[in-house]
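>>> Next one to model:
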Amino acid sequence: MSQFSVYLRWAAGKEQAEARIRRIAREVPAEGKVHVLMVTDRQFETMVVFRGRQRERGRKGVPEQLVLF
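The predicted structure is shown next:
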């Protein structure tokens, strides 16, 4: 086991992810241990998830995208 809790946070790009990492670095307690793993959307889509003994099926096809103007 690497850690007790896992938190996911989506970032719009690498710059946004790196800014979040800098904020995390400022908040880690002196005796704390935090792992940060960055994955692409495509890598995230290939994640295998089990709920109990049942394997959940991932979404098929292209996800809907939100467009902001």
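>>> The helix or strand hosting R55: partners in the sheet, and parallel or antiparallel?
Assessed by DSSP states H and E, R55 sits inside strand 54-56. When sheet partners are counted by DSSP bridges, strand 54-56 sits next to strand 49-51 (antiparallel).
>>> In the protein, where is pLDDT below threshold?
1, 3, 58-69 (pLDDT under 70).
>>> Please enumerate the helices of it.
In the chain, the helices defined using DSSP state H lie at 14-27, 41-45.
>>> Let me have the ones you listed in a markdown table, adding mean neighbour count and distance to G52 as columns.
No exception for glycine: its C-beta is placed from N, CA and C like everyone else's. Converted to a markdown table, those look like this (neighbours: other C-beta atoms under 10 Å; distance: least, C-beta to C-beta, whole Å):
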| stretch | mean neighbour count | distance to G52 |
| --- | --- | --- |
| helix 14-27 | 11 | 31 |
| helix 41-45 | 10 | 22 |
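>>> closest one to H35 among those?
H35 lies closest to helix 14-27 among those, at 10.4 Å (C-beta to C-beta).
>>> CA-only coordinates of the closest one in PDB, if you can.
Listed next in PDB are the C-alpha coordinates belonging to helix 14-27 (Å, rounded to 0.1, in the frame of the first residue of the first chain):
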ATOM      1  CA  LYS A  14       0.400  20.700 -17.600                       C
ATOM      2  CA  GLU A  15       0.800  24.300 -16.400                       C
ATOM      3  CA  GLN A  16      -2.300  24.100 -14.200                       C
ATOM      4  CA  ALA A  17      -1.200  20.700 -12.800                       C
ATOM      5  CA  GLU A  18       2.300  22.100 -11.900                       C
ATOM      6  CA  ALA A  19       0.700  25.100 -10.200                       C
ATOM      7  CA  ARG A  20      -1.400  22.700  -8.100                       C
ATOM      8  CA  ILE A  21       1.700  20.700  -7.200                       C
ATOM      9  CA  ARG A  22       3.500  23.800  -6.000                       C
ATOM     10  CA  ARG A  23       0.500  24.500  -3.700                       C
ATOM     11  CA  ILE A  24       0.600  21.000  -2.400                       C
ATOM     12  CA  ALA A  25       4.300  21.300  -1.700                       C
ATOM     13  CA  ARG A  26       3.700  24.300   0.500                       C
ATOM     14  CA  GLU A  27       1.100  22.500   2.500                       C
END
